[in-house]
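Peer 1: Pasted the sequence and its predicted model underneath.
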Amino acid sequence: MAESPPKGALYGGQAIIEGVMIRGTSDAVVAVRKPDGEIMVQPLPQSKLWLSHWRRILFLRGIAVLAETLTLGMKALAVSANATIPQEDEAKGGELPGEQTLGGLALGGMIALSLTLAIVIFFIIPLFLSRGLESFGWNYWAANAGEGGIRILLFLGYIWLIGRMSDIQRLYGYHGAEHMAVHAHENGDPLTPEGLRLHPTAHSRCGTAFLLTVVLVSIVAFMFFPRDPLWIHFASRIVLIPVVAAVSYEIIRFNGRHSHWWWVRVVAWPGLLLQNLTTKQPDDGQCEVAIASIHAAI
C-alpha cells in the first residue's frame, strides 16, 4: 500500500562526520557521536533568508533554500569535525568540541570553492568536451545530448568513486539513518532503531535526488541555447544554473508532497535508485544519533 502524503512541516537534513543534521521549521539541529560515545546535540539557527517570505515564492524559494542548505551544511560539518577530534587533540588546542566556529569569510570561501569546483567539473568540462564532438561531425542536437551524457557520466562516476572510501561509506550509513528517521517521523512510527528499520534508506527529497534532477533538467534547458559563439555557450551554462536549481527544487518538493501518486513515484524512481550508491543500512548507534537529531528538531 502506498504511503500517505506527509502532512505539516517537511523535515530534511544531511549526514555529517559521525553525525546527522536535521533541519526543522525554525532551527537546524546537529547530533554527533563523540569519541567517548556520548551524543552531542547542538542547535544551528537558520538565517532570516530561510525563514523569510522568500521561501513561499515559487522558484525563488529554490534558490533561497539552496543558499541556506550550503551555508548550514558547512556549519554542520565544522561542528561535527570539531566534536570528533580525539581528546588529546582537544587538550592541545585548548577548545572543546563544538566551540570552534567558521568565520564569515572562511565560510564564504569554502562555499565559493565548493561551488566553483562543482561548476568546473559538472558544467565546464562537459561543455568543452562536447565541443570536441563537433569536430567529428556531430550536429547541434547530438552535441548537446553528448554534453548531457558526459555530465551524467561524470556525476555518477564521482559518486561511485568517493563511495569506495571507508570514511565515506560510514557517512553513507548516517545518510541512510537520516532518511529513515525522517520517514519514521512523517509516518508516525516510533523514533527508535526498531521504528526506523521499518523504512528504507532512500527518500524522495534527498539531496542526491536533487542533484540528479539538476543534471537532467540542465540537459533539457541547455538544448534551447546556441552553442556558438563560445562565449554564449559558456555564459548560458553559468547563468542558467540558478534557474535549473530552482526548477529542480520545485520538482523534488512536488515529488515529496505527492509520493502517493503512482506517476510521481515513477518520476522519482531514478533518484531513489541512485541512493543505492549514497546510502547504507545504518547500525543501531547511527540510528540513535539520527533519532537524537530529529527529536531535537521537532
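Peer 2: Thanks, I have it. Numbering: from 1, shown residues only.

Peer 1: Within the helices and strands, which one has the closest residue to Leu230 other than its chain neighbours?
Peer 2: Excluding its sequence neighbours, the residue lying closest to Leu230 (Cβ to Cβ, 6 or more residues apart in numbering) is Arg131, at 7.7 Å. (Glycine included, C-beta is placed from N, CA and C.) Here Arg131 sits within helix 125-134, counting by DSSP states H and E.

Peer 1: so how far is that helix from its chain's centroid?
Peer 2: 27 Å (Cα atoms, centre = their mean, to the nearest Å).

Peer 1: cool, stretch 153-162 as well?
Peer 2: That offset, for stretch 153-162, works out to 15 Å (Cα atoms, centre = their mean).

Peer 1: Need the residues that contact that stretch.
Peer 2: With Cβ atoms under 8 Å, 6 or more residues apart in numbering as the test, stretch 153-162 has contacts from Ile121, Phe122, Ile125, Pro126, Ile168, Thr208, Leu211, Leu212, Val215, Leu274, Leu277, Thr278.

Peer 1: Pull out the buried positions in that stretch.
Peer 2: Leu154, Phe155, Ile159 (16 or more other Cβ atoms under 10 Å).

Peer 1: what about Gly173, neighbour count?
Peer 2: For Gly173, the neighbour count with other Cβ atoms under 10 Å is 21.

Peer 1: In contact with it, which residues?
Peer 2: Applying Cβ under 8 Å, 6+ apart, the residues contacting Gly173 are Ala15, Thr279, Lys280, Gln281, Pro282, Asp283, Gln286.

Peer 1: Just the ones of those residues in strands?
Peer 2: Applying DSSP state E to the contacts of Gly173, the entries found in strands are Ala15.

Peer 1: Nearest to Lys75 among the contacts of Gly173?
Peer 2: Ala15 (14.7 Å; Cβ to Cβ).

Peer 1: which residues in the protein form strands?
Peer 2: Under DSSP E, the chain gives strands at 12-16, 19-23, 27-33, 39-45.

Peer 1: most packed of the ones you listed?
Peer 2: Most buried of those, by mean neighbour count (mean count of other Cβ atoms under 10 Å): strand 19-23, with a mean of 29.

Peer 1: which helices and strands sit right next to it?
Peer 2: Applying 3 or more Cβ pairs under 8 Å, 6 or more residues apart in numbering; DSSP states H and E, we find strand 19-23 packed against strand 12-16, strand 27-33, helix 60-83, helix 166-186, helix 284-297.

Peer 1: Give me the angle between that strand and helix 60-83.
Peer 2: 150 degrees (axes from the mean of the first three to the mean of the last three Cα atoms, to 10 degrees).

Peer 1: Pairing partners for strand 19-23, with directions?
Peer 2: Here strand 19-23 has these sheet partners by DSSP bridges: strand 12-16 (antiparallel), strand 27-33 (antiparallel).

Peer 1: Run through who's touching that strand.
Peer 2: 11-15, 28-33, 44, 46, 72-73, 76, 80, 83, 174, 177-178, 181-182, 289-290, 293-294, 296-297.

Peer 1: CA atoms only for that strand - export them in PDB, please.
Peer 2: Provided in PDB are the C-alpha atoms of strand 19-23 (Å, rounded to 0.1, in the frame of the first residue of the first chain):
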ATOM      1  CA  GLY A  19      26.500  12.500  12.800                       C
ATOM      2  CA  VAL A  20      23.300  13.900  11.300                       C
ATOM      3  CA  MET A  21      21.900  17.400  10.800                       C
ATOM      4  CA  ILE A  22      18.100  17.700  10.700                       C
ATOM      5  CA  ARG A  23      16.500  21.000   9.600                       C
END
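
Peer 1: Run the chain-centre distance for that strand.
Peer 2: The answer for strand 19-23 is 12 Å, by Cα atoms, centre = their mean.

Peer 1: ok now do the residue nearest to the spatial centre of the chain, which residues does it touch?
Peer 2: Residue closest to the average C-alpha location in the chain (Cα atoms, centre = their mean): Gly207, at 2.9 Å. Going by Cβ under 8 Å, 6+ apart, Gly207 touches Gln14, Thr69.
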